[in-house]
Every structure is written in C-alpha cells, then in structure tokens.
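*Asks:* coords please:
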Amino acid sequence: MSREESCTAPAAVEFRPMNSPGGYDVNTAVYHSFVQLDEAPKISTSPDLDTATFVLSQFPTAESRVALIDSVTSSRVTYGKLSASTRSLAYGLYHALGVRKGDVVFVLSANSVLYPVICLAVLSIGAVITTANPVNTASEIGKQVSDSCAKLAISAPEELHKLSPTGIPTILTTQPSYGDVLSVEELIESCIESFEQMPETKIAQSDAAAILYSSGTTGTSKGVVLTHSNLISVIELLTWYVDASSSQDDVFLCFVPMFHIYGLVFFGLGLFCRGTTIVLMQRFNFQSMIDAIETYKVNNIPAVPPVILGLVKSSGGSDLSSLRRIGSGAAPLGKDVEEAFREKFPWVELRPGYGLTESTGAATCMITDKDARAHPGSCGMLMPRFCAKIVDIETGEGLPPMKEGEVWLKSPTIMKEYLRNKEATEATMDKEGWLKTGDLGYIDEDGFLYIVDRIKELIKHNGYQVAPAELETILLSHTEILDAAVIPAEDEAAGQIPVACVVKAPSCKLTEEQVIQFVASQVAAYKKIRGVRFMSSIPRSLAGKILRKDLVSQFKQQQVLSKL
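*Replies:* The predicted structure is shown next:
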C-alpha cells in the first residue's frame, strides 16, 4: 500500500462550522467533528489488512533515516534496521517458537528500542499483544497472564522473576550476563537471513490485535480488546494530526510508557508512519528529560500533566529553545497549570487532548495553538470521524452545548469489547456502538470539550487508573480492619491520591504507616494508599453502597479545618 492510497490529510486543515453551535445536531443530539469528510483521513476499508503491514508500508523510502535514539547510550536504529529486525523476529516467533494467529503474547518491559520491534513482529503474524506495567507485582502479573490466556511472555531480564510462578514459556528482551534463556536479540540475529521465507497469514482488520488492561468505567481491571481496524484507524488519525499540527522533521521525546495506550499508539506504532525520529527514555526522570531535550534538540513531547507541572515549577537554567509543542493527555490538565505554563514558555504550543484505552487513545485534540489559548481548560475538539453525545445522567437524554452530562463517543477506534466480560461490555457500550466514558463534561458553543469530573469512582494518579474496589478488598483482608473505603484526595503534582478510610477492630493499635505498608506490599507503587483516616463507621446507603461523596466532603472539610 502506498502512502497515497492510505490517506494523507492536507497539512493545513480549514474548519468549517456546522449550522448549529458546537457541531451539535438538534435533531439527533449528536455532536460531530468539525473536520469535513473530504478533509478527514480516509480510513482503510481493505478487510484483509493487519496493523504491522500497514505501518511497515508507510516507512520512509530512505532506510538510513533514524527512527529511534536511545537517550542513555545514544545508539541509533534506522528505519531499515527497524524493518529488518521486525521481519526477523516475526520469522523467529513463528518458526522457532510456534506462535500462531490468535495466540496472546505477554510483554513485560520498560521502554526500549526493541519494544516497537516486538509489537510489530507479534502483530505481523496475527498474534495478539498484551502489555503490562513492569512495576506491577508478581500477583498482578499472574492475574493478567491467566486472564489473557497468554501463550508466550517476552520479559526484560530484571522482571523475569515475576513471571516464574506463572509457568508461562518466556524469552527475554536482551541477553543478560547470566543464564541461558533465549532473547529477542538472539532470535533476531539468528533469523536475519531467513525472514523472507515468512508464510503468509491471512489477518482481517476485524481480528483482535491487542488486549490492554484498563479499569474501564466501573469495577476492577478488565481486558480491552482492540482490533487491527481500531489500531489502523487511530494511526490514520495520528498521522493526520502530525501533518496538520507538526513538522515531519520534528524530533519527538518518548518517556510515556509504551505499555500504555498513549505510548503504544504514538511511539510503538503510529509515528513511524510519518518517518519521525523518536528519542526514547527507558523510564521517566525529570532531569534526564531536560538533558535529552538539550542534547537531541527535541521539538515535540507528548506528555502528562505532572510533567507539565514540573516544567512550570522548575528553576530554569536549561536550554529548552528547541521545543515547539507539548501535548497533554492521560489526565485532565488544570486551567491554572495551563496558563502558568504558557506564561513561562510563551514560544511552546501546549496542546491538550482526551482519549481512553477503550477509544484506542483518541477522541479530541487541539489543532491550532490559537484555539488552545482561546479555550483554556478544554481538551480540544472531536477528532475526524468522531461523534459525541453529552447525556443527562438522570434522564438519559442528549444535551445541547454548555450542559453537563456523561460523555459518550462513537468512532472507528472504539474497542471491540471487554475480554470475556459480556456484562461489563454491555454496561459500557450500547447497541448502536456508543462508548459510555463515565466522564462528566460538556461541549461549548465552539465545539470544544471540557471534562469536569469523573462519574466513575476510579482515582486518577499520575495518569494511571486506580480502582478503589481493588484496594478495599485488600484492606478488608487485614484481620484488624472491620470496614474500609478508598476515596480520592486532590494532589497538585499527581492529580489525585488514594486515601483509605478505615474502621479498626476494638482495642486495635494499627497505625497509619502499618496500613499503608500492608497495601503497598501487594500492589504496584502507583496504587499505594497515600493517607489513612481512622473512623468509627463507613457511611453507606440502604443498599450497602459506600457513600463516597460524603466521605470526600468530610475529608475536604477536615483539610480546611486543619489549615485554620
């Protein structure tokens, strides 16, 4: 497939307002994207097309162009090497390890130059990729391996011990100085001369491509099933966005984790379709980020709110003049932080956006800096081929501009389903394909979306979703805790932090630190309890549901009184 056949949007996109405010259709209560269909990316309709074939077909013809730079070692991977390594690994996975279409491959690793190779190789043979946060505990990883029915795991050497209890066949990303476990590097090297013999596997766009774990709109962690069509559609939107808002010569910095939908879509797949150069950080460190920007003259950073806040509060003294744009996603960006950033970095365009794992990471974006400055606090306009509803949470009726309700989305990027969870799928998607996001928001008369709050009970900590129910189950397993509830507390740096409200057994001497450590020993670091309130009882409804709003209100009141 040539680049022309796939769809390249014009570099300059002209928005033409619809007849009604905000792109709102009064007859259907549906909001439409302002990007006209003749200007929007033409999503590929070929039924037999997989994500890897699509991405590899978009690689630049100049194979010597640099695709990836390791920020620590300065080693470079060209597009030619990225393509050859992908095909070699695919051959090895198929012939040496017997991975077949539909098999699930579990990936446990921090960011590395091998991560995109692994993703593309797995997808090219019709296998399904499922990714995990490397800070997750062995217990959490075991649950995901089991739930996803993974047949093979690919692990960074330092994470191998977490997979051992599962018994799943495992290869390493790189070869350590000890042991004799096969590695991705060895597999690529041994198959480099053979990859042209790859058998053709018929893969449909409707086939599952990835299972990414998200807490969704309710409950505990669920597997979000994304198809090749979902991924190809969002990549088309991403490349349209790069064409419309950025220079193709931009150098992007990647520190967002590739196991997350944000990092996977941007840095594991999509940006390669525009021949961009990506400077990759294995893990985020603020000073290392600053050093990378200076060293590699980074222009573009897809970031998260805590990073933007860090830049606002930094003392300066570094040369960040190469920066042109910073995107913001994964969590809402506060209006005050946004305005402070613009004041400190007036030459940098700040582009907030909005998306979910269930929408393959896309929904809204800011195309122009002028729009972003004119609508502080907004996360942008609907992306091409997206529709939205703002639904009254009491009546279920669609609402006009400036009215708050639950945000519903519809587009080619919306997930297929939650893995083997019909009940959760039906609760989140209606029969017409509308995704109920669980977020409270409104669209203004210019068509810009504002997220006001989360209807769902999830706590957003540094862009990660933390399910209170999971932490409550752990708390209640303690022999000296009679009842418990977990609520969000606002935090300037992290967005929100989990706070436990605990009812102790009579005469119990349990301390705050003991409660925090009890939970911390069983969950990933981002899920840790950050504070504890001991109470005589937990307020509940007649049906037994925790009255979280009451607890949050009490907590805020207590914070105010403590400051007087």
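
*Asks:* which helices and strands does the longest helix along the chain pack with?
*Replies:* If you go by DSSP state H, the chain has its longest helix at helix 228-245. Judged by 3 or more C-beta pairs under 8 Å, 6 or more residues apart in numbering; DSSP states H and E, the packing partners of helix 228-245 are helix 51-57, strand 208-214. Glycine gets a C-beta too; all of them are placed from N, C-alpha and C.

*Asks:* mind listing what's buried in the first one?
*Replies:* The neighbour-count check on helix 51-57 (16 or more other C-beta atoms under 10 Å) flags 51-56 as buried.

*Asks:* possible to save these as a markdown table with pLDDT and distance to residue 339?
*Replies:* Compiled in a markdown table, those are given as follows (pLDDT from 0 to 100; distance: C-beta to C-beta, whole Å):
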| residue | pLDDT | distance to residue 339 |
| --- | --- | --- |
| 51 | 96 | 39 |
| 52 | 95 | 42 |
| 53 | 94 | 44 |
| 54 | 94 | 40 |
| 55 | 95 | 37 |
| 56 | 94 | 42 |
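
*Asks:* how about those in CSV, adding distance to residue 62?
*Replies:* Converted to CSV, the buried residues of helix 51-57 look like this (distance: C-beta to C-beta, whole Å):
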residue, distance to residue 62
51, 23
52, 20
53, 20
54, 20
55, 17
56, 15
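
*Asks:* which one of those residues is nearest residue 167?
*Replies:* The shortest distance between residue 167 and any of the buried residues of helix 51-57, using C-beta to C-beta, involves residue 52 and amounts to 28.6 Å.

*Asks:* Tell me who's in contact with the closest residue to that closest one other than its chain neighbours.
*Replies:* In space, and not counting its chain neighbours, residue 52 is closest to residue 124: 3.6 Å by C-beta to C-beta, 6 or more residues apart in numbering. For residue 124, the contacting residues are 50, 52-53, 56, 86-87, 90, by C-beta atoms under 8 Å, 6 or more residues apart in numbering.

*Asks:* Recalculate using a threshold of 10 Å.
*Replies:* Residues in contact with residue 124, defined by C-beta atoms under 10 Å, 6 or more residues apart in numbering, are 50-53, 55-56, 86-87, 89-91, 93-94, 198, 201, 203.

*Asks:* what's the answer for residue 135, then?
*Replies:* When contacts are counted by C-beta under 10 Å, 6+ apart, residue 135 is found next to 110, 159, 257, 283, 464, 523-527.

*Asks:* same deal with residue 420?
*Replies:* The contact partners of residue 420, by C-beta under 10 Å, 6+ apart, come to 147-149, 222-223, 225.

*Asks:* tell me the secondary structure for residue 46?
*Replies:* Three-state secondary structure (criterion: DSSP: H, G, I helix; E, B strand; the rest coil) places residue 46 in coil.

*Asks:* With adjacent residues omitted, what lies nearest to it?
*Replies:* Taking C-beta to C-beta, 6+ apart as the measure, residue 46 lies nearest to residue 205, with 7.2 Å between them; neighbours along the chain are not counted.

*Asks:* What helix or strand is the residue lying farthest from the centre of the chain located in?
*Replies:* For the chain, the C-alpha farthest from the mean C-alpha position belongs to residue 507; by C-alpha atoms, centre = their mean, that distance is 44.7 Å. Here residue 507, judged by DSSP states H and E, is contained in no helix and no strand.

*Asks:* Map the structural domains onto the sequence of the protein.
*Replies:* Following automatic domain parsing, one gets these domains for the chain: 3-43+61-419+436-445, 459-563.

*Asks:* Buried deepest among those domains, which one?
*Replies:* Among those, the stretch with the highest mean neighbour count (mean count of other C-beta atoms under 10 Å) is domain 3-43+61-419+436-445, at a mean of 19.

*Asks:* any idea of the mean pLDDT for that one?
*Replies:* Per-residue pLDDT values over domain 3-43+61-419+436-445 give a mean of 87.

*Asks:* Show the end-to-end separation of stretch 89-99, please.
*Replies:* The first residue of stretch 89-99 is 11 Å away from its last residue (C-alpha to C-alpha, to the nearest Å).

*Asks:* now it, how far from the centre of its chain.
*Replies:* 28 Å (C-alpha atoms, centre = their mean, to the nearest Å).

*Asks:* how about residue 397, phi and psi?
*Replies:* Taking degrees, to the nearest 10, you get phi -90, psi 150 for the backbone angles of residue 397.

*Asks:* Helices along the stretch 201-350 of the chain, start to end?
*Replies:* Under the criterion DSSP state H, counting those that start in this stretch, the stretch 201-350 of the chain carries helices at the ranges 228-245, 261-263, 286-296, 305-313, 335-344.

*Asks:* for the nearest residue to residue 339 once chain neighbours are set aside, what are its contacts?
*Replies:* Excluding the flanking residues, the one nearest residue 339 by C-beta to C-beta, 6+ apart is residue 376, at 5.9 Å. When the contact criterion is C-beta under 10 Å, 6+ apart, the partners of residue 376 are 333-336, 338-339, 342, 350, 352, 450.

*Asks:* One more pass at 6 Å, please.
*Replies:* By C-beta atoms under 6 Å, 6 or more residues apart in numbering, the residues touching residue 376 are 335, 338-339.

*Asks:* for residue 499, same thing?
*Replies:* 487, 489, 531.

*Asks:* Show the pLDDT at the first one.
*Replies:* Same thing as residue 487. Residue 487 carries a pLDDT score of 91 in this model.

*Asks:* what residues are up against it?
*Replies:* Residues counted as contacts of residue 487 (C-beta under 6 Å, 6+ apart) are 499, 548, 551-552.

*Asks:* pLDDT-wise, what's the bottom of the residues you listed?
*Replies:* On pLDDT alone, residue 548 ranks lowest of the contacts of residue 487, at 82.

*Asks:* and that residue, how far is that from residue 456?
*Replies:* For residue 548, the distance to residue 456 equals 11 Å [C-beta to C-beta, to the nearest Å].

*Asks:* List of residues touching the helix or strand harbouring residue 185?
*Replies:* In this structure, residue 185 sits in helix 184-190 according to DSSP H and E. Residues outside helix 184-190 that contact it (C-beta under 6 Å, 6+ apart) are 85, 88-89, 92, 114, 173-175.

*Asks:* quick one on the thing from earlier: in strands, which of the contacts of residue 420 appear?
*Replies:* Where those overlap with strands, as defined by DSSP state E, the overlap consists of 222-223, 225.

*Asks:* For those residues, please prepare CSV with the additional fields distance to residue 473.
*Replies:* Output for the ones in strands among the contacts of residue 420, formatted as CSV (distance: C-beta to C-beta, whole Å):
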residue, distance to residue 473
222, 16
223, 19
225, 25
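
*Asks:* Out of the residues you listed, flag the one nearest to residue 396.
*Replies:* For residue 396, the nearest member of the ones in strands among the contacts of residue 420 is residue 222. The distance, counting by C-beta to C-beta, is 23.5 Å.

*Asks:* can you pull up the bridge partners for the closest one?
*Replies:* For residue 222, the residues forming beta bridges with it (DSSP bridges) are residue 214.

*Asks:* hang on, it packs against residue 422?
*Replies:* No: taking contact to mean C-beta atoms under 6 Å, the distance of 11.5 Å between residue 222 and residue 422 leaves them out of contact.

*Asks:* got the contact list for residue 224?
*Replies:* By C-beta under 6 Å, 6+ apart, the neighbours of residue 224 are 212, 214, 357-358, 415.

*Asks:* Would you map the strands across the stretch 401-550 of the chain?
*Replies:* Along the stretch 401-550 of the chain, the segments classed as strands by DSSP state E, counting those that start in this stretch run 405-410, 417-418, 435-443, 449-454, 459-461, 464-466, 481-491, 495-504, 531-534.

*Asks:* ok, residue 150 to residue 276 distance?
*Replies:* Distance from residue 150 to residue 276, counting by C-beta to C-beta: 31 Å.
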